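A.B. asks: here is the input, now give the coordinates:
(chains A and B)
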Amino acid sequence: MFEMALAFVGGTALCGVVSVWLFRKQSLVLDEMVSKRQAQVTEQQLNLELDCAQQALEDMHVEKVHVALKAQVDEREAQSQNDQALQQMSERIHAVSQGVKGGSHSMAEGVSELLGLVKTFERWHADMNQLISHNREMHSKNDDFNQIVRQMVIVTLNASIEAARAGELGRGFAVVADEMRSLAGRAEKLSKEYRDSLYENDLITTNTFQDLQAGGKMIIGSLVGLDQVNKKILESVDA
Amino acid sequence: MISANARAGFDNVLKDAACNAMVNDPSQICELETIETVTATSDKKLIVLTISGYLFRLMVFIHFADTFVLRQHMARRSRENGNALSDQEFTDVLQERANMCCGAMSRNLTQVFPHLGMSTPNMLSSHCIRYLPKLQGGYVQHFRVHVDNAALVEMSLCVSEYADLDFTLEIAAADANTGELEMF
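C.D. replies: Sure thing, here's the model as predicted:
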């Protein structure tokens, strides 16, 4: 019995082992089959993905070419617009430059004409010099007149003395002499007042003359300065 | 109206220019004494110059008497041997100094007033100064010029303004090459 049990157990164990081995083998085969299948599937998937990736790469390449072409077109267009803008700006600068040159030439002509004012100022100078000379003559004449008047005062004084010496006969003559002396006195006073007026006249005339002269030089100086600025503008535009 | 700053500016410009024009060499001490008025006398004469701008007119009067001291002083700069000047030379030298003075004033004033012109000098009788109020100056000031403590001449400044004047002015360094009758 024991041997039979042992044989049974042994046989069972052996069957079990064989079963297990078979099972494992089967499993392995199955696993291998599954793995192979899975591998196939994976391979297919991978192939599929590879195809997709290749497609995507091709698409990208096409896109890239497309973008590059578009960029080239855009660049040419932008270049063309830039060239146009540069051309327009260049034309505008040229027009402004011509305008500035024209304006400067006109200003130069105008300034040159205004500098002819020098002749006007020289004429004024000559006229004022004449006036000052005339003032001096008036002084001289007044001095002569004053001398005559003073002589008259002395003569009338002498006449009064002689009239008094003549006594009764000289009374009429004394009256005339007194009247002459009074007139001479008034003439002397007027001569002095006239001399003072001449001094006042000298100051006002000289002041006016000098203001004209200085003012004229100021204007000419300003015009010369303007002319120089204008020339510098022309030089910088021509440069 | 001429502000206090502007009056001081005009005074300083005159003082600087007058001293540079009147001294014979840099070692001499020149001072301008402010005086109340200048008396007109028959023995004096006037040299007058005008500086004109858009906004004002400035007149400088130099009152001088024909004295030995003044003639010697003027002769020293003009003649190395110190010989006396003739009457014409004496007045010519004085007018030259007046011109130098006003030229320096004009140059300093162009710092504030870029466009100025100056007249040539004219000689008048001293009695003309009595009528200075007729010029209606907004600012009038009189000075006596002393060089090495000797009073040489008197000067009057008269400014007529045509707009309000207010400025501050730095006196530029004197240029040694200016002088003689400048043709402005």
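A.B. asks: tell me where the model's unsure across chain B.
C.D. replies: Low-confidence segments of chain B, defined by pLDDT under 70: B:78-83, B:172-184.
A.B. asks: can you give me the strands in it?
C.D. replies: Assigned by DSSP state E, the strands in chain B fall at B:30-35, B:44-53, B:56-65, B:116-118, B:122-125, B:139-147, B:150-161.
A.B. asks: to residue A:176, which of the ones you listed lies closest?
C.D. replies: Residue A:176 lies closest, by C-beta to C-beta, to one member of those: strand B:122-125, at 37.1 Å. In this view, the C-beta of every residue, glycine as well, is placed from N, C-alpha and C.
A.B. asks: and for the closest one, what's in contact with it?
C.D. replies: Residues from elsewhere that reach strand B:122-125 (C-beta atoms under 8 Å, 6 or more residues apart in numbering or on different chains): A:132, A:199, A:202-203, A:206, A:209-210, B:45-49, B:91, B:95.
A.B. asks: report the two of those separated the most.
C.D. replies: Once C-beta to C-beta is applied, the contacts of strand B:122-125 give A:199 and B:95 as the farthest pair, at 20.0 Å.
A.B. asks: angles on the backbone of residue 115, please.
C.D. replies: By default, I'm working from chain A. Residue A:115 adopts backbone torsions of phi -60, psi -20, taken as degrees, to the nearest 10.
A.B. asks: nope, chain B
C.D. replies: phi -110, psi 100.
A.B. asks: so which residues on chain B come close to chain A?
C.D. replies: Residues of chain B lying close to chain A by C-beta under 8 Å from any C-beta of the partner chain are B:48-54, B:57, B:59, B:115-120, B:122, B:124-125, B:127-132, B:134-135, B:184.
A.B. asks: are any of these buried, and if so which?
C.D. replies: Buried members of the residues of chain B next to chain A, scored by 16 or more other C-beta atoms under 10 Å in any protein chain shown, are B:48-53, B:57, B:59, B:116-120, B:122, B:124-125, B:127-129, B:131-132, B:135, B:184.
A.B. asks: what stretches of chain A score poorly on pLDDT?
C.D. replies: Applying pLDDT under 70 to chain A flags residues A:1.
A.B. asks: domains in it, as residue ranges please.
C.D. replies: Domains of chain A are assigned by automatic domain parsing as A:38-75, A:90-238.
A.B. asks: now those domains as a markdown table including distance to chain B?
C.D. replies: Output for these, formatted as a markdown table (distance: least, C-beta to the nearest C-beta, whole Å):
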| stretch | distance to chain B |
| --- | --- |
| domain A:38-75 | 55 |
| domain A:90-238 | 3 |
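A.B. asks: please identify the most buried of the ones you listed.
C.D. replies: Comparing the domains of chain A by mean neighbour count (mean count of other C-beta atoms under 10 Å in any protein chain shown), domain A:90-238 ranks first with a mean of 15.
A.B. asks: now the end-to-end length of it.
C.D. replies: In domain A:90-238, first residue to last residue: 15 Å (C-alpha to C-alpha, to the nearest Å).
A.B. asks: give me the distance between that domain and the centre of its chain.
C.D. replies: Chain-centre distance of domain A:90-238: 44 Å, with C-alpha atoms, centre = their mean, to the nearest Å.
A.B. asks: just stretch B:159-173 next, same as before
C.D. replies: Between the centre of stretch B:159-173 and the centre of its chain there are 16 Å (C-alpha atoms, centre = their mean).
A.B. asks: what number of residues lie near residue 21?
C.D. replies: Because you didn't say which chain, this covers chain A. The tally of other residues near residue A:21 (other C-beta atoms under 10 Å in any protein chain shown) stands at 10.
A.B. asks: I was thinking of chain B, sorry if that wasn't clear
C.D. replies: Other residues near residue B:21 come to 23 when the count uses other C-beta under 10 Å.
A.B. asks: nice, that's everything, thank you.
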